[in-house]
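A.B. asks: This is a predicted model, with the sequence first.
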Amino acid sequence: PVLAAALRLAGHRPVAASGVSDASRRRAAALLPGVPLLTPDEVLARADLVLLTVPDDALPSLVAGLAETGAVRPGQLLVHTSGRHGVGVLAPALRAGALPLALHPVMTFTGSTVDVQRLAGCSFGVTAPAELRTAAEALVIEMGGEPEWIEERDRPLYHAALAMGANHLVTLVAQSLDVLRELGVSAPDRMLGPLLGAALDNALRSGDAALTGPVARGDAGTVAAHLAELRAHAPGALASYLALARTTADRALDHGLLRPESAEALLDVLAGDDGGGPGGGQGTDGAER
C-alpha cells in the first residue's frame, strides 16, 4: 500500500489491491481509500503494473501459482519488493510474457501514512533485465527513492547486510531497554536515544574509527564485570553481548584501535566465558582465538 500510494502521488492510478490478514486489509484501506480489495488473479486482470509485496519465502509459490492459472498477461510489469530475490524468482511469469522487476525499498514500514514520506530519498535495491533497467529506475524515482543497482547473484548477500544493520539493531536496542527497565530506569528510551543516535551517526560517518567503550579500550576487568552481571540478571542478553564483544575486539585490533598487549587479557575473558572460567574453551594462542 505504501508503494502504491507513492505511485498514486506520481500520477499512477491504483485499480485494485489484495490482502489476506486483517492488518494488511486495514493498511490498504488507510493508504488506498476507494481502491477495491480483490483476489490476486483479479488484481492482475485489472493492472498493467503489479506489485508483489509478500514475504520472501512466499514469493516463489505465489509467482508460480499466478503463472499456472493464466493470470499473468504478456507485457504486464511484474514488480516484487523482496530484498533476497532478484528477477530469477519471476521466471514463471517471464515465460508467460510478463516484464520482471525487483525493486526493494531499503526502509522499515509501520503501515501508516508516515511511510510514504519515508520513501523520500530512500534507497531501492534494483535488479532487472538490461532492457528494463531504465523503466525500473524511473519507477523508483517516481516513488521518491534513489535506485541502487544490485546484480542478481548479489541479492542474498545484499539482503544479509541490511538485516545485520537494521533487524539486529532492533534486537540489540530492545535488549538494552529490557535491562534498563529491570534496573528501574523510568524512561530507558529517553536515556538511550541521544547515545544511540550519536553512535549511529558516528558509525555511518567514520566506520570502525567510531568504536568506543571497554572492548575497544581493552578494559578486560570491566568486560568481565559486564559478563558476570548479565549472567546473573539478564542471561538472555549474554550470548549477543559475547558474540558482539568478540567481533568488536577483532575489528578494533584490525584497525589499530585496540593494542595487542591490551587485547590479550580481554580475549582471555571473552574466551573463558565459554568454558566457565578464565582460559577455558579456547587455546592460549592469541591468533588462534
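C.D. replies: Everything's here; your move.
A.B. asks: And stretch 150-157, what's buried?
C.D. replies: Under the neighbour-count criterion of 16 or more other Cβ atoms under 10 Å, stretch 150-157 has 150, 155 buried. Just so you know, the C-beta spots here come from the backbone N, C-alpha and C atoms, and that holds for glycine as well.
A.B. asks: which residues touch that stretch?
C.D. replies: Residues from elsewhere that reach stretch 150-157, judged by Cβ atoms under 8 Å, 6 or more residues apart in numbering: 83, 84, 85, 86, 87, 88, 102, 104, 125, 126, 127, 158.
A.B. asks: please redo it, this time with the cut-off set to 6 Å
C.D. replies: 84, 86, 125, 127, 158 (Cβ atoms under 6 Å, 6 or more residues apart in numbering).
A.B. asks: how far does it stretch from start to finish?
C.D. replies: Terminal residues of stretch 150-157 are spaced 10 Å apart (Cα to Cα, to the nearest Å).
A.B. asks: same question for it, mean pLDDT?
C.D. replies: Average pLDDT, stretch 150-157: 97.
A.B. asks: can you check stretch 256-269 too?
C.D. replies: Stretch 256-269 carries an average pLDDT of 90.
A.B. asks: Could you do stretch 69-80 as well?
C.D. replies: If you average the pLDDT over stretch 69-80, you get 96.
A.B. asks: Pull out the buried positions in it.
C.D. replies: Neighbour-count burial for stretch 69-80 [16+ other Cβ under 10 Å]: 71, 72, 73, 76, 77, 78, 79, 80.
A.B. asks: Keeping just the C-alphas, turn it into CSV.
C.D. replies: Provided in CSV are the C-alpha atoms of stretch 69-80 (Å, rounded to 0.1, in the frame of the first residue of the first chain):
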residue,chain,number,x,y,z
THR,A,69,-3.6,-20.1,-13.6
GLY,A,70,-3.0,-17.8,-16.6
ALA,A,71,-3.4,-14.7,-14.5
VAL,A,72,-0.2,-13.1,-15.9
ARG,A,73,-0.6,-11.2,-19.2
PRO,A,74,2.1,-10.5,-21.8
GLY,A,75,3.6,-7.1,-21.4
GLN,A,76,2.5,-6.7,-17.8
LEU,A,77,5.1,-5.2,-15.5
LEU,A,78,5.5,-7.5,-12.5
VAL,A,79,7.4,-6.0,-9.6
HIS,A,80,8.4,-7.7,-6.4
